[in-house]
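>>> build me a structure from this.
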Amino acid sequence: MAPQIRWEKLWNDPDGFKYKALNAVRYRSPRFNQYVTVPKGYKSDGATGAVDLETDAWGFHDVLCDRGTWDDGAELSNFTASIVLFDVLRRDGISLRRSLGWLFMTLWKGGGKCRENGLWKLKK
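Got it, this is the predicted structure:
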């Protein structure tokens, strides 16, 4: 599937963001039966520390990590956010090898509020 989020490239953003979403896109995770939405106007630094691939994965992952919740407010762990990233990468035609690499790197280095909720499972 082709990426659906349309990004505007930002130049000299005072907060260091590289992109702004021109449209809102909602993703339903078939694995977790939950939704995450990249809202119109959402700013992202892209694939933090990696090449910005043609995929919606890093946009959805960024939203999850910024909030630490699904759209309905349910918390999720860093592992779950990394699995969502992996699933969207595969949906968008990214190779298994590269998708697994991104999964492990985001699990190891990323997570934001999802990591605060718990690395593998929710702390609560």
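
>>> ok, and the closest non-adjacent residue to the spatially most central residue of the chain?
Of all residues in the chain, the one closest to the mean position by Cα atoms, centre = their mean is His61, 1.1 Å from it. Counting by Cβ to Cβ, 6 or more residues apart in numbering, His61 lies nearest to Leu85, which is 4.2 Å off, once chain neighbours are set aside. Quick note: C-beta positions are derived from backbone N, CA and C, even for glycine.

>>> repeat that for Trp70.
Per Cβ to Cβ, 6+ apart, closest to Trp70 is Gln34, 4.2 Å.

>>> who does that neighbour form a beta bridge with?
Beta-bridge partners recorded for Gln34 (DSSP bridges): Ser29.

>>> OK, contacts around it?
Applying Cβ atoms under 8 Å, 6 or more residues apart in numbering to Gln34 gives the contacts Arg28, Trp70, Asp71, Asp72, Ala74, Leu76.

>>> also Glu116?
Glu116 is in contact with Gly68, counting by Cβ under 8 Å, 6+ apart.

>>> for Trp58, give its distance to Gly41.
According to Cβ to Cβ, to the nearest Å, Trp58 stands 17 Å off from Gly41.

>>> okay, now the closest residue in space to Arg28 that isn't next to it in sequence: neighbour count?
Leaving aside its chain neighbours, Arg28 sits nearest to Tyr35 (5.3 Å; criterion: Cβ to Cβ, 6+ apart). By other Cβ atoms under 10 Å, the residues close to Tyr35 number 13.
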